[in-house]
Structures are given as structure tokens and as C-alpha cells.
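A.B. asks: need the 3D shape of this:
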Amino acid sequence: MIVKPSAEGIAAAAGSAARKGPPPVHLWDPPFCGDLDMRIARDGTWFYEGTPIGRPGLVRLFASILKREGDRHFLVTPVEKVGITVEDAPFVAVDFEVTGSGGAQAITFRTNVDDTTTAGPDNPIRCPRDPATGEPAPYVHVRRGLEARIDRKSFYRLAEIGEHDGAGWFGIRSGGAFFPLIPSAELG
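C.D. replies: As a prediction, this is how the structure comes out:
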């Protein structure tokens, strides 16, 4: 008998694994069980069968077992792996805090699922441009190949603490690294 994967079954398995600390999804390689009708919208809202998931704790639980392989995203437990749809990045960086200054400055982002990540060489910020509009779209690495899109208000706040690097870029420093955001000439 083939059992169709369900959000309830995945949540139960993830809950059991999470009781022992953050799930080590990078170590799990269970068999693929099919795709689940789950989607993470561009604004960070999680949907199951077309309905928003309204329980923040459940969203955080699912986020804790999210894994990226190539261009695909999966929810994984020790015994099953199901594909989900991610419209842009799986998380949204909704705020940040700056500590230190100059070369010792560190920018720590908080995501919509209460993860935190400090930008630096291991968690870079990248800022591609929309090919049609030229609008910058900043992202910060959160964990294991998963990124958070930096929301507009946070991006504007980053611009306030940014600097020119002397090589033609305006960007920010964090964790001993410089992250270019836009060419300096565009600020002219």
C-alpha cells in the first residue's frame, strides 16, 4: 500500500526529531516520497493545499526541516523527503541589528521564522538586479544553501549604513567582509 505524504505526517516526524535540538537535515538522505501541495510565497507566507498556514509554530517546525538540493526544496525527516514549491527565497529577513563598528561591524538578520544569521564570509549577502526593471533584490544566506530575501524596509536601513569601497561599489560591511549592493556611479 502506497501512503501519500501529508503535512500532518511530516510535522509529526519533524516534531519528534526537533525535541533533541535543531534537526540535522544535512545528514538525512531519505527516499523521495513525492511532492506535497505546499508553497512558500514570495512574501514568506507558507500555504498548504492553497490555504495559508496560520500557526507560526507549525511554520517554524516546517522551516526547521527545509532542505535545498540544487534548485529544488524539500521537507525532510529521517525517513521521508517531499518536494515543495518556493516562489523566491524560503525566508524573508524582516529586521537586523548592527553590533561593533568599522572592520568589526556585524549585521545579524532575523527572519520571518525567527532564525538569525550574521552576514559574513559564511553567510554572504548578494544583490542581483531584476533584468527587466534593474531593481536590486538583496538576499542573505541563512543556512545550508537556504536564503532570506531582505525586505524593503531593512534594505533601506542597510543603505543608511552603507559605504563606498573605492572600487566602484556601494555596499555594507559585516563579519570582516564587504558586500556590494549597487555600483557607486548609480548614486551619483
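
A.B. asks: where does the chain have low pLDDT?
C.D. replies: 1-21, 188 (pLDDT under 70).

A.B. asks: all helices in it, in order from the N-terminus.
C.D. replies: 7-18, 56-64, 152-160 (DSSP state H).

A.B. asks: any buried residues in the last one, and which?
C.D. replies: For helix 152-160, the neighbour count (16 or more other Cβ atoms under 10 Å) marks 154-155, 157-159 as buried. All C-beta spots, glycine's among them, are computed from the backbone N, C-alpha and C.

A.B. asks: and of those residues, the nearest to V76?
C.D. replies: Using Cβ to Cβ, S154 comes nearest to V76 of these, at 29.1 Å.

A.B. asks: does the closest one touch V92 like I think?
C.D. replies: No - between S154 and V92 there is no contact, the gap being 9.2 Å when judged by Cβ atoms under 8 Å.

A.B. asks: end-to-end on stretch 76-86?
C.D. replies: Length of stretch 76-86, first residue to last, Cα to Cα, to the nearest Å: 15 Å.

A.B. asks: can you give me the buried ones in it?
C.D. replies: 76-78, 80-84, 86.

A.B. asks: and what of stretch 171-186?
C.D. replies: For stretch 171-186, burial by neighbour count (16+ other Cβ under 10 Å) applies to 171-175, 177, 179-182, 184.
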